[in-house]
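Undergrad: Predicted structure and sequence below. I'll ask about it afterward.
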Amino acid sequence: MPTLKEIGLYPQYIPSEEIFKQLAGKSEEERNKITVDDYNLNYKEKFFEFRLQTRCVAAHYERSFNEYKNNKCWKIVIDCVLNVNREPYSVDGIYSVQVKCNIEDFFILGDFEKKRNTLDLITKGVSQIEQKEGWDKKVFDNAYNKVLAENYENRWIWKKQKSNPGRQYIAKVLCEHGLYSCDISLIIEDKQGQVIKQEIVIREKPDEWAFSKYFGDLNWISNNEVRLVSKKKDYEFKLNL
C-alpha cells in the first residue's frame, strides 16, 4: 500500500496571444520549437519561483499529516491552472488534480498572503481527492489546522541532537523553511533548555533538494565546539561557545 509523502504545486504554462498568433499555420515541429523557446525565455523562471515560494507551506502541510497510507499514491501533484478542465486521476503512484490559480496574481501578494493562498490551493486540491477516494478527511483537516496553529511558520528541529562530552550542553539543528530561503542554525542549550548560543550557518534555496544535503552528522569537536557535517562530508559548519 502506497504512503502519501509529498505534495507539489505546479503552475500551468500558457502562451501569450502573440505566441498563439505565431503558432498559426505552423508544423508540429515548428510549434514545439516556438513554445519551448517562449517557455524558456518568458516562463521558466516564474515556474521555478512559484515552486520555491509555495514549497515552505507544502512541506509544512506534508509533515503535519505524517505519511498517509492509501491505495492510490505517494505524491499529489496540484496543477495550478486558469481554467479547471479535467477530473482528478492517478497514474503510477502520482495523483494529479487541478485547482484554479493565476500565478501572476500570486506573485503580487504579500508574504503572509502567499502562504495563506498556498494552503488554500493545497486544501482545494486534496479535498477533491478526499471526496473521490473516500479518504479520511480528519487526517487532512488536522494538517490544515496544524499549519494555522503554527502561524504558517515551518520551523523544526532536526532529529539528531548531541550532548557535549562534559554533558553540560546539548547541540541542536534548527531548520526555518521560508518563502525565499531555508535558514539552518546551530543551537547550543544548557540542561534546562535555555539557549546559550544560536547562529545561522546555512542559507539555502527553500527546497529540500537544495538543503537536505547538509543534514549528515552532528558532533562535538570539544566541550565548547560543535560541528554539522553534510551527508557527503563536503561541507562542515561549526559553532563555538
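TA: Nice, thanks for sending it over. All values derive from a computational prediction rather than experimental measurement. Numbers count the residues shown, from 1 in each chain.
Undergrad: care to break the protein down by domain?
TA: The record's domain parsing of the chain by automatic domain parsing lists 3-149, 154-240.
Undergrad: Now render those domains as JSON lines, adding mean pLDDT and mean neighbour count.
TA: Heads up, the C-betas are built off the backbone N, CA and C, glycines and all. Output for these, formatted as JSON lines (pLDDT from 0 to 100; neighbours: other Cβ atoms under 10 Å):
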{"stretch": "domain 3-149", "mean pLDDT": "89", "mean neighbour count": "16"}
{"stretch": "domain 154-240", "mean pLDDT": "96", "mean neighbour count": "16"}
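Undergrad: hey, where'd the strands end up in this structure?
TA: 3-4, 6-11, 68-69, 75-81, 89-91, 94-100, 154-157, 162-163, 169-177, 182-190, 195-204, 217-222, 225-229, 236-240 (DSSP state E).
Undergrad: Using TSV, please lay out these together with distance to residue 114.
TA: Formatted as TSV, these follow (distance: least, Cβ to Cβ, whole Å):
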stretch	distance to residue 114
strand 3-4	24
strand 6-11	11
strand 68-69	25
strand 75-81	13
strand 89-91	28
strand 94-100	15
strand 154-157	13
strand 162-163	36
strand 169-177	14
strand 182-190	16
strand 195-204	19
strand 217-222	32
strand 225-229	30
strand 236-240	29
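Undergrad: Identify whichever of these lies nearest to residue 137.
TA: strand 68-69 (11.4 Å; Cβ to Cβ).
Undergrad: Just list what the closest one packs against, helices and strands only.
TA: strand 3-4 (3 or more Cβ pairs under 8 Å, 6 or more residues apart in numbering; DSSP states H and E).
Undergrad: Contacts only, for residue 136.
TA: residue 68 (Cβ atoms under 8 Å, 6 or more residues apart in numbering).
Undergrad: Over to it: give its phi and psi.
TA: Per-residue torsions, residue 136: phi -70, psi 110 (degrees, to the nearest 10).
Undergrad: how much space between it and residue 62?
TA: Noted for residue 136: a distance of 16 Å to residue 62, by Cβ to Cβ, to the nearest Å.
Undergrad: circling back: could you point out which of the strands of the chain sits nearest residue 129?
TA: strand 94-100 (5.8 Å).
Undergrad: and the residue nearest in space to the middle of the chain, how far is that from residue 88?
TA: With distances taken as Cα atoms, centre = their mean, the residue of the chain nearest its centroid is residue 55 (2.7 Å). Distance, residue 55 to residue 88, using Cβ to Cβ: 22 Å.
Undergrad: Same question for residue 239.
TA: Residue 239 is 47 Å from residue 88, by Cβ to Cβ.
Undergrad: Equivalent analysis for residue 167, please.
TA: 53 Å.
Undergrad: before we move on, what about residue 131?
TA: Where residue 88 is concerned, residue 131 sits at a distance of 9 Å (Cβ to Cβ).
Undergrad: these two touch, right, residue 133 and residue 68?
TA: No: assessed by Cβ atoms under 8 Å, residue 133 is found out of contact with residue 68, at 11.1 Å.
Undergrad: tell me the phi and psi of residue 108?
TA: Per degrees, to the nearest 10, the backbone of residue 108 is at phi -90, psi 0.
Undergrad: Pull the contacting residues for it.
TA: Here residue 108 is in contact with no residue (Cβ under 8 Å, 6+ apart).
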